[in-house]
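Peer 1: task: produce atomic coordinates for the following.
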Amino acid sequence: MVNESRGIQSVERAMSILEVIAASGGEVRLTDLVDSLGLHKSTLHGLLNTLCAMGYISRRGTRYALGFRLREIAQPLSDSDLILREEFFPVLETMAKLTDENCYLAVPCGTRHYIYLDMIEVVPGTSRVPRGRRESLTTSAMGKVFLALDGDLTRSLRNAGLLDAQLEDEIKAIVERGFALDLQQAEVGLNCMALPLRKKGRMVAAVSVAAPSDRLSARNLEAIAGGMMRHLYDIIKL
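Peer 2: This next block holds a predicted model:
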């Protein structure tokens, strides 16, 4: 279990710098960093100098860019990303064929978010979820299936005071039935269902389907979940 109360502020600030630079396309002006982070200039300069010296960012005049050392430490993660996408693409494809709707693959990311790894777009013209986008664990079927079936995540958010009585009840229901439903909770008019994906008994990812509520009702989603769990028992249940 992660204890969020023991976070180190300087580490959080350094990682925030990297996230702001990445979100800006890999390079950002110093003034934009100041505006985005709200840090005192002396504090920011100290963090930037440290990251530059270590090669995690580089300075280009008044701009800062992501450094090539990040490529070195990210390579194993990139390999794992590819392995997961290749391994679970058949599950994603099966769900897309069963539902004729857009389907998504995601993994946990920290104690409060999950991140999208892949998707199959079935319905043309609908909004795509970009790979790498983060979402909250507490606001969608995808996030709640991670939260419900990973005891460490549940305890971390509970200790941080982020699980209210309604969410606790949802978690219990998900544990009992083995999948999560989101019936217009995250977005009016949109229904979602998510299933866990396991390797050697450990949940490592989840797959979900999302569609307008008039195309996929709660009954439809429950039937799809049941069919997926029967046909893919070794991946979803074991």
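Peer 1: could you chop this protein up by domain?
Peer 2: Taking automatic domain parsing as the criterion, the chain consists of the domains 4-67, 75-236.
Peer 1: any idea which of these is most buried?
Peer 2: Comparing those by mean neighbour count (mean count of other C-beta atoms under 10 Å), domain 75-236 ranks first with a mean of 17. Yep, even glycine has a C-beta here, placed from its N, CA and C like the rest.
Peer 1: from the chain's centroid, how far away is that domain?
Peer 2: In terms of C-alpha atoms, centre = their mean, to the nearest Å, the centre of domain 75-236 is found 10 Å from the chain centre.
Peer 1: re the thing from before, got a markdown table for the domains of the chain, with mean pLDDT too?
Peer 2: Conversion of the domains of the chain to a markdown table gives the following (pLDDT from 0 to 100):
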| stretch | mean pLDDT |
| --- | --- |
| domain 4-67 | 89 |
| domain 75-236 | 88 |
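Peer 1: all the strands of this protein, residue numbers only.
Peer 2: Here the chain has its strands, by DSSP state E, at 27-29, 57-60, 63-66, 103-109, 113-120, 134-136, 180-183, 190-199, 202-212.
Peer 1: contacts for the first one next, please.
Peer 2: Contact partners of strand 27-29, identified using C-beta atoms under 8 Å, 6 or more residues apart in numbering, comprise 20, 21, 36, 60, 62, 63, 64, 65, 66.
Peer 1: rerun at 6 Å
Peer 2: The contact list for strand 27-29 (C-beta atoms under 6 Å, 6 or more residues apart in numbering) reads 21, 62, 63, 64, 65.
Peer 1: gap between the residue of the chain positioned farthest from its centre and residue 27?
Peer 2: Of all residues in the chain, residue 61 has its C-alpha farthest from the mean position, at 34.4 Å, by C-alpha atoms, centre = their mean. Separation of residue 61 from residue 27 (C-beta to C-beta, to the nearest Å): 11 Å.
Peer 1: how far away is residue 203 from residue 93?
Peer 2: Residue 203 sits 20 Å away from residue 93 when distances are taken as C-beta to C-beta.
Peer 1: the longest helix that the chain contains packs against which elements?
Peer 2: Longest among the helix segments of the chain by residue count, using DSSP state H, is helix 69-99. Judged by 3 or more C-beta pairs under 6 Å, 6 or more residues apart in numbering; DSSP states H and E, helix 69-99 is in contact with strand 103-109, strand 113-120, strand 202-212.
Peer 1: that one to strand 113-120, inter-axis angle?
Peer 2: Here helix 69-99 runs at an angle of 60 degrees relative to strand 113-120 (axes from the mean of the first three to the mean of the last three C-alpha atoms, to 10 degrees).
Peer 1: roughly how far is helix 69-99 from the heart of the chain?
Peer 2: On the basis of C-alpha atoms, centre = their mean, helix 69-99 sits 13 Å off its chain's mean C-alpha point.
Peer 1: and stretch 50-62, by the same measure?
Peer 2: Mean-position distance between stretch 50-62 and its chain equals 28 Å (C-alpha atoms, centre = their mean).
Peer 1: tell me who's in contact with residue 173.
Peer 2: Shown in contact with residue 173 (C-beta under 6 Å, 6+ apart): no residues.
Peer 1: and the gap between it and residue 9?
Peer 2: Plainly put, residue 173 is 37 Å away from residue 9 if you go by C-beta to C-beta.
Peer 1: same check on residue 39?
Peer 2: For residue 39 relative to residue 9 (C-beta to C-beta), the value is 11 Å.
Peer 1: one more: residue 141?
Peer 2: Using C-beta to C-beta, residue 141 is found at 34 Å from residue 9.
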